[in-house]
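*Asks:* Here is a sequence with its predicted model. Questions after.
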Amino acid sequence: MLTINVTKGKRQRRSKKKFLIPLYIIIPFLAFFSYIYIKDQIPPSTVMGIFLYVPPKAVYETFKVSFDEQIPTKIQDMIKSSVDDIALDGKKRFEFVKRGDYTIKSTQSLEGNMYSKEYIPVGHAYWIKSNISFDDIKGIYVEEKDMDLVKYLVGEKEVISKEDIVSELKKSEEYIGLVSAAEITGEMKVLSVDGVYPLEKQLNTFSFRYVLEGEENMNFVSHILSVNMELKYGESSTLDTQNIAKINMSGVVAISRGLASKMDSLKDYDYPAQSIGEFLADADLTHISNEVSFVEGCAVYSGMRFCSNPKYIDTLKASGVDIVELTGNHNNDFGASNNAKSIEMYKELGWDYFGGGLNTQDASKILYKEVKGSTIAFVGYNYYDTMLGSLAIAGDSRAGANSYSVEKLTKDISEAKENADVVIVTFQFQECYSYPSSDVIYPICYKPLSSPDQKGVFRQAIDLGADVVIGTQAHQPQTYEVYNGGLIYYGLGNLYFDQYRWIGTRQGLILSLYVKEGKLIQAKLTPTLMGRDLIPKIAGESDSNLLLNLLKSARTF
């Protein structure tokens, strides 16, 4: 009897389990669907879709692409190889045909390109050579990543891969370098090609740009091609010259004495600017260092006490002046009041000034200029007259030049760096008086002075954070150097003055600074030569090379 009862109980329990399992599953679903229908939040079709949903199949489209007939076969092969391995289950993403839905074409546009690459020809900053001809190029240094593209661009030219291009360029002027605009440094000298300067005018010699044309999915297809070209041949690079700010910096302006006599006799008050004025004005900002104040009735044609007739302001207007530096030591020769009147005249003309002012506070102000998205700071000091303690320096109620001290230099550069992208520091330093008795080259004045220590003072400004340091006191150009990531130009020489007796004081330099997106990307020196007619002109090749070689010889440090 006992055995029979136990067996019956097991059967009953098994029967209950079979009945209960379906209820555990069905009851929650019934409750859920009832809630949905009662609340009417989701239509019945959507509910049914939960059970009937079938995931869509992946659509992998093959894009048919053709090339414009002007695109060389080698470039076609490079583009094809960059996407050749893109496939899904053996199906290619791209098929290149004669007539496709999309067409790759060459373009000169800087925007909307599928892929573009532009290389800038460079030498070392100390090179004498400034202009090259494509036909005369003997060899080219590039980084390994650029080998294939550069070889295509230059054809039969020798292309050599170098990890440190700058070091190679410093050794010799035989081979040029090719770099992207983003890779240009202060140690490089951007070269003109057949007279075209890449930072001012678009250079197509070492560039190509391609655009994709099509309709549906065009942006998507272009993006795929672009990404794969960049993976294989490096990031796209273009240089829009419209976004580059140019600043022209020049040397001594002292429209007085013999130059004043010449202008008055001719009654031609923009006389000295007739050859070089347009060149100076061709910049976003044009700077001069004017050392002489304008005085009504001025007719001083000799001596060492200088003034300018207000009519001579036409020369500065013809030079496109925007900024007047006032660190000079002759602005108070006819009294601080005439200096103050001159400053007011600059203001009326809409010109800015720095390195001097109406009083101590005004003279010590840092000038900030916004140009093409970049902020430039100008800071100027009269070193020499600070040491002498002369009345050329501004006082509490006296116009004059900004005084110098290490403490002030440190504070000003720190402040300028916080508020500006590029910091330019100028000095009215002691001049070189060792001119020869005859018109011969005298090398010592091309060097920085040893006493006082001009090199030490200028280098200290770079060490404190300045980007560019310029001596605007020199009547004869002095050498220049790349130092600790910054650029130093010890003296730019005369711009407008009467010192025609010596070759050194007839020579001059105009420094053009190029700034893009808050970065100083290049500095270009343009040698000038003043004739015995006292009109400075852009130096020809032989005169230019003479000056640059003299500056090279003076750079013995």
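*Replies:* Everything's here; your move. Residues are numbered from 1 along each chain as shown.
*Asks:* contacting residues around R209?
*Replies:* 106-110, 113, 115-118, 238 (CB atoms under 8 Å, 6 or more residues apart in numbering). Backbone N, C-alpha and C define where each C-beta goes, glycine included.
*Asks:* Mean confidence (pLDDT) on stretch 231-247, please.
*Replies:* The average pLDDT for stretch 231-247 rounds to 91.
*Asks:* Same question for it: list its buried residues.
*Replies:* By 16 or more other CB atoms under 10 Å, the buried positions in stretch 231-247 come out as 233, 236-239, 241, 244-247.
*Asks:* could I get those residues as TSV with secondary structure?
*Replies:* Listed next are the buried residues of stretch 231-247 as TSV, based on DSSP: H, G, I helix; E, B strand; the rest coil:
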residue	secondary structure
Y233	helix
S236	coil
S237	coil
T238	coil
L239	coil
T241	helix
I244	strand
A245	strand
K246	strand
I247	strand
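*Asks:* Out of the contacts of R209, name the ones that lie in strands.
*Replies:* Mapping the contacts of R209 onto strands (DSSP state E) picks out 106, 115-118.
*Asks:* Quick check: ChimeraX command selecting the buried ones in those.
*Replies:* Typed into ChimeraX, the next command selects the buried ones out of those (criterion: 16+ other CB under 10 Å):
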select :115,116,117,118
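*Asks:* Specify the beta-bridge partners of I393.
*Replies:* Taking DSSP bridges as the rule, I393 bridges to A401.
*Asks:* Compute the first-to-last residue distance for stretch 197-209.
*Replies:* End-to-end span of stretch 197-209 (CA to CA, to the nearest Å): 19 Å.
*Asks:* most residues in a single strand of this protein, which one?
*Replies:* In the chain, taking DSSP E as the definition, the longest strand is strand 519-530.
*Asks:* For it, which residues meet the burial criterion?
*Replies:* Buried positions in strand 519-530, judged by neighbour count with 16+ other CB under 10 Å: 520-530.
*Asks:* Need the CA coordinates for it. CSV is fine.
*Replies:* Once non-C-alpha atoms are left out, strand 519-530 reads as follows in CSV (Å, rounded to 0.1, in the frame of the first residue of the first chain):
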residue,chain,number,x,y,z
LYS,A,519,52.2,81.9,-35.2
LEU,A,520,55.2,83.7,-36.7
ILE,A,521,55.9,81.5,-39.7
GLN,A,522,58.6,83.4,-41.5
ALA,A,523,60.9,86.5,-41.6
LYS,A,524,62.1,87.8,-44.9
LEU,A,525,65.0,90.3,-45.4
THR,A,526,64.9,92.6,-48.4
PRO,A,527,68.2,94.5,-48.8
THR,A,528,68.0,98.1,-50.0
LEU,A,529,70.5,100.6,-51.4
MET,A,530,70.4,104.4,-51.3
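*Asks:* Now do it: which elements does it pack against?
*Replies:* If you count contacts as 3 or more CB pairs under 8 Å, 6 or more residues apart in numbering; DSSP states H and E, strand 519-530 packs onto strand 188-190, strand 486-491, helix 503-506, strand 507-516, strand 536-538, helix 541-554.
*Asks:* Give me the angle between it and helix 541-554.
*Replies:* 120 degrees (axes from the mean of the first three to the mean of the last three CA atoms, to 10 degrees).
*Asks:* sorry, back to before: and the ones in strands among the contacts of R209, which is closest to E61?
*Replies:* Y115 (21.2 Å; CB to CB).
*Asks:* Mind listing the residues bridging to the closest one?
*Replies:* Beta-bridge pairing for Y115 (DSSP bridges): Y210.
*Asks:* Verify the stated contact: it with S236.
*Replies:* Yes. Using CB atoms under 8 Å, Y115 is in contact with S236, at 5.6 Å.
*Asks:* okay, and the common contacts of those two?
*Replies:* Common contacts of Y115 and S236 (CB under 8 Å, 6+ apart): 226, 229-230.
*Asks:* In ChimeraX, how would I select just the buried ones from these?
*Replies:* In ChimeraX, a selection of the buried entries from the shared contacts of Y115 and S236 looks like this (16+ other CB under 10 Å):
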select :226,229
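*Asks:* Show me where the stretch 251-400 of the chain has its helices.
*Replies:* 257-266, 277-281, 313-318, 336-348, 360-363, 383-388 (DSSP state H, counting those that start in this stretch).
*Asks:* Which one of those lies nearest to M147?
*Replies:* Once those are compared by CB to CB, helix 277-281 is nearest, at 38.4 Å.
*Asks:* Could you list the buried residues of the closest one?
*Replies:* Across helix 277-281, burial judged by 16+ other CB under 10 Å covers 277, 279-281.
*Asks:* And it, what does it pack against?
*Replies:* helix 313-318.
*Asks:* Show residues contacting the helix it packs on.
*Replies:* 253, 255, 263, 269-274, 277, 281, 288, 290, 294, 324, 345, 349, 496.
*Asks:* about what we covered before: wait, which of the contacts of R209 is closest to I503?
*Replies:* E118 (40.2 Å).
*Asks:* mind checking how far the residue nearest to the closest one when sequence neighbours are not counted is from F279?
*Replies:* Of all residues not flanking E118 in the chain, S207 sits nearest, at 3.8 Å (CB to CB, 6 or more residues apart in numbering). Taking CB to CB, to the nearest Å as the measure, S207 falls 27 Å from F279.
*Asks:* and E230, that's in a strand?
*Replies:* No. Using three-state DSSP, the assignment for E230 is helix, not a strand.
*Asks:* Surely it is in contact with S236?
*Replies:* Yes. Under the criterion of CB under 8 Å, E230 makes contact with S236 at 6.3 Å.
*Asks:* Tell me the residues that contact both of these two, please.
*Replies:* Here E230 and S236 have Y115 as joint contacts, going by CB under 8 Å, 6+ apart.
*Asks:* quick revisit: check contacts around the residue nearest to E118.
*Replies:* 116-119, 153, 238.
*Asks:* Out of those, which is nearest to V371?
*Replies:* Nearest member of those to V371, counting by CB to CB, is T238, at 20.9 Å.
*Asks:* Pull up the gap between A420 and S250, please.
*Replies:* 21 Å.
*Asks:* nope, E215 is what I was after
*Replies:* 54 Å.
*Asks:* pretty sure E158 is touching K138, no?
*Replies:* Yes. Counting by CB under 8 Å, E158 does reach K138; the two are 7.0 Å apart.
*Asks:* These two: which has the busier surroundings?
*Replies:* Per other CB atoms under 10 Å, whichever of E158 and K138 has more neighbours is E158, with 12 against 9.
*Asks:* Which residues are in contact with the nearest residue to I120 once chain neighbours are set aside?
*Replies:* Once flanking residues are discounted, I120 sits nearest to P198: 5.2 Å by CB to CB, 6+ apart. By CB under 8 Å, 6+ apart, the contact set of P198 is 120-121, 190, 192, 239, 241.
*Asks:* Go through whichever strand or helix holds S167 and flag the buried ones.
*Replies:* Per DSSP states H and E: S167 is located in helix 165-171. By neighbour count on 16+ other CB under 10 Å, the buried set for helix 165-171 is 165-166, 168-170.
*Asks:* Packing partners of it?
*Replies:* Contact here means 3+ CB pairs under 8 Å, 6+ apart; on that basis helix 165-171 packs against strand 120-124, strand 139-142, strand 176-179.
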